[in-house]
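K.L.:
Can you look at this prediction? I've put the sequence above it.
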Amino acid sequence: MQKATDHQIFARAASEDRAVISADTDFGSILALRDEKRPSVILFRRGPRKPMEQLQLLLSNLMVIEEFIQLGSIIVIEVSRIHVRRLPVGGTE
């Protein structure tokens, strides 16, 4: 999906019950504006840029964030902390 639009990425992730994983913080902003509970977005911030290092960081924290992924969340992973915001942002849940 390298050439897909943001809308196409979100639509496919939601239809296949997947999460979007990115270092592009725009995805979190776009999802917040969509006012939806799916898909979850996992963002890497202030951390490793190499894919294998990001994978290791994700895998080492997966047990902590797994439930939030299933519930619908924006999850920001940094080397020293994780921040979770439930979806929809600004919603009543």
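P.N.:
Ah, there it is.
K.L.:
how many neighbours does residue 89 have?
P.N.:
Neighbourhood size, residue 89 [other C-beta atoms under 10 Å]: 16. In short, each C-beta sits where N, CA and C put it, glycine included.
K.L.:
Excluding sequence neighbours, find me the nearest residue to it.
P.N.:
Closest residue to residue 89 in three dimensions, ignoring its sequence neighbours and counting by C-beta to C-beta, 6 or more residues apart in numbering: residue 32, at 3.9 Å.
K.L.:
Is it correct that the one you found is in contact with residue 73?
P.N.:
No: here residue 32 does not reach residue 73: they are 11.2 Å apart, not a contact under C-beta atoms under 8 Å.
K.L.:
neighbour-wise, which of the two wins?
P.N.:
residue 73 (23 against 16).
K.L.:
Surely the more buried one touches residue 39?
P.N.:
No: assessed by C-beta under 8 Å, residue 73 is found out of contact with residue 39, at 9.9 Å.
K.L.:
Name the residues of stretch 24-42 that are buried.
P.N.:
Buried residues in stretch 24-42, counting neighbours by 16 or more other C-beta atoms under 10 Å, are found at 27-28, 30-32, 34, 37-42.
K.L.:
Now for residue 32 and residue 73: what residues contact both?
P.N.:
residue 85 (C-beta atoms under 8 Å, 6 or more residues apart in numbering).
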